[in-house]
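Student: Take this sequence and fold it.
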Amino acid sequence: MKLTACPGFKAAGFAAGIKNKKQLDMGLIYSEYPATVAGVFTGNLVKAAPVLLDQEKIKSGECRALIVNSGNANCCTGEKGMFDAKNMCAQTATALGIPDNLVLVAATGVIGQPLPMGKISTAIPGLVDSLSDQGFTDLANSIMTTDTTPKILGIQSPIDGKPVHVLGVAKGSGMIHPNMATLLCFICTDVAADPKTLKKVLTCAVDSSFNRITVDGDTSTNDTALLMANGFSGMRIDTPKKEKAFQKILDEICLKLAWMLVKDGEGVTKVVKISVKGAKSDHDARKIANTIAQSNLVKTAFFGEDANWGRIMAAAGRAGIDLIPEKIDIYFDSIQMVKSGTGCGSKAEALATAVLKKSEFEVILDLNKGSGQASVLTCDFSIDYVKINADYRS
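Tutor: Numbering: from 1, shown residues only. Alright, predicted model coming up:
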């Protein structure tokens with residue numbers, strides 16, 4: 001059975017009229033009990049007002065609610081943008097009957113346009129009235145922009161014999177790049193944990209998931225990942241053993257949501273795992289994997305179902321990592337395409353081309369230099385990606 005709720009939390013989605021069509025475009029998460037919080041934010045030096053505000057408010061480690069809108073990023077909007085972000089928090093706090101400092105805010109959409117605060121203010125009471133323990137699906141729908149499907153995933157799993165819940169929703173289709181957070185992601189759990197522990201496990205989960213994906217190499221101005229814990233289960237994460245168990249659950253949530261993001265990338269027809277092994281270090285392997293994953297020439301070859309391994313070799317060679325071309329082996333799934341830096345011939349190419357016709361496959365690059373390894377999820381670069389982004393503001 002699909003888990004779409006987390007005990008002690010309520011959520012909602014609402015149509016405020018921010019978008020051109022009458023779609024859900026505002027969302028709300030509310031914890032019925034005091035909760036701790038941690039966050040990871042964009043690495044972009046241009047940050048939206050909600051990101052800047054949250055980075056300050058989250059220092060307290062406490063949060064009861066999050067309000068979010070799609071269709072407008074509230075970025076590069078000056079003093080008014082910050083005023084509006086604060087106003088969204090204040091109005092939400094009043095409607096919920098909680099202190100203003102316990103409300104965070106997020107946004108996604110077009111950069112440089114003022115928020116339609118009249119529509120937002122009118123919608124907030126209805127948004128609060130719509131809160132439900134089964135409202136996370138509406139929340140997931142409300143944060144979509146160019147996404148074609150909502151991303152929501154819940155897990156119930158025991159820690160020390162006590163069942164705990166972790167539920168995550170995410171959005172992201174373009175501007176996806178491994179420089180955290182490259183998306184919006186909101187995770188709720190009924191465990192209890194101090195903010196320092198939450199920050200540690202969230203950072204670790206993000207690094208192994210959302211920081212290992214790329215769609216187009218662009219990092220958004222609004223990237224935000226938040227983890228809220230309200231302690232409803234009675235399970236406190238206060239020992240290394242419990243932390244390890246919780247980390248495993250959180251990693252699974254983030255990894256699966258990351259996969260959903262790449263699969264729903266703008267114009268995507270292929271999801272490709274780029275795995276590099278045999279490097280001197282994991283760092284070296286990751287840098288090479290990222291370079292291959294972000295190469296437009298590699299990604300267009302994937303779209304064209306062309307087993308052009310030369311583009312993969314070229315991308316690896318410009319990653320800035322010492323390698324020996326004559327030692328490199330390349331595989332498409334289990335089909336060896338390159339051995340010791342040289343192509344394996346037309347028969348191998350025909351088999352590799354068949355692999356590229358699948359919607360999901362793996363490219364493995366073995367440097368044969370050491371034990372370092374890393375993987376990154378990427379996708380093809382299609383004609384539809386260009387069309388979607390050429391018409392984004394219209």
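
Student: Packing partners of the longest helix that the chain contains?
Tutor: Using DSSP state H to define each element, the chain has its longest helix at helix 240-263. The contact analysis (3 or more CB pairs under 8 Å, 6 or more residues apart in numbering; DSSP states H and E) places helix 240-263 against strand 151-159, strand 162-171, strand 184-189, helix 195-207, strand 271-279, strand 372-379. For the C-beta atoms, the positions are set from N, CA and C on the backbone; glycine is no exception.

Student: That one vs strand 151-159, what angle?
Tutor: Between helix 240-263 and strand 151-159, the angle comes out at 160 degrees (axes from the mean of the first three to the mean of the last three CA atoms, to 10 degrees).

Student: ok so, going back, so for residue 351, which of the helices and strands packed on helix 240-263 sits nearest?
Tutor: For residue 351, the closest of those is strand 271-279, at 16.8 Å, according to CB to CB.

Student: next helix or strand past the closest one?
Tutor: Where DSSP states H and E defines the elements, the next helix or strand beyond strand 271-279 is helix 282-294.

Student: Tell me the buried residues in that following helix?
Tutor: Burial within helix 282-294, assessed by neighbour count using 16 or more other CB atoms under 10 Å, is assigned to 284, 285, 286, 287, 288, 289, 290, 291, 292, 293, 294.

Student: Among these, which one lies nearest to residue 230?
Tutor: For the buried residues of helix 282-294, the nearest to residue 230 is residue 286 (34.5 Å; CB to CB).

Student: Roughly how far does the closest one sit from residue 208?
Tutor: Relative to residue 208, residue 286 is positioned 11 Å away (CB to CB, to the nearest Å).

Student: One more: residue 111?
Tutor: Using CB to CB, one gets 29 Å for the distance from residue 111 to residue 208.

Student: mind listing what the closest residue to residue 302 other than its chain neighbours touches?
Tutor: With CB to CB, 6 or more residues apart in numbering as the criterion, residue 302 has its nearest non-adjacent residue at 3.9 Å, and that residue is residue 380. By CB atoms under 8 Å, 6 or more residues apart in numbering, the residues touching residue 380 are 268, 269, 270, 272, 299, 300, 302, 303.

Student: Inside strands: which ones of those?
Tutor: Those of the contacts of residue 380 mapping onto strands are residue 272, per DSSP state E.

Student: Pull the distance from stretch 326-346 to the chain's centre.
Tutor: Distance, stretch centre to chain centre, for stretch 326-346: 32 Å (CA atoms, centre = their mean, to the nearest Å).

Student: do stretch 148-157 as well
Tutor: Using CA atoms, centre = their mean, the mean C-alpha position of stretch 148-157 is found 12 Å from that of the whole chain.

Student: In terms of pLDDT, where does the nearest residue to residue 187 once chain neighbours are set aside sit?
Tutor: With sequence-adjacent residues excluded and distances taken as CB to CB, 6+ apart, residue 187 is closest to residue 168, at 4.2 Å. Residue 168 carries a pLDDT value of 96.

Student: Hmm, residue 168 is touching residue 257, no?
Tutor: Yes - with contact defined as CB atoms under 8 Å, residue 168 counts as touching residue 257 (5.5 Å).

Student: any residues in contact with both of those two?
Tutor: If you check residue 168 and residue 257 against CB under 8 Å, 6+ apart, the residues they both contact are 153, 185.

Student: burial of residue 155, as a residue count?
Tutor: 18 (other CB atoms under 10 Å).

Student: What's opposite it in the beta bridge?
Tutor: residue 166 (DSSP bridges).

Student: Kindly report the same for residue 275.
Tutor: According to DSSP bridges, beta-bridge pairing links residue 275 with residue 364, residue 375.

Student: Pretty sure it sits against residue 366.
Tutor: No - Residue 275 is beyond contact range of residue 366, at 9.0 Å (criterion: CB under 8 Å).

Student: quick revisit: show me what contacts the residue nearest to residue 187?
Tutor: By CB under 8 Å, 6+ apart, residue 168 lies in contact with 152, 153, 154, 185, 186, 187, 188, 253, 254, 257.
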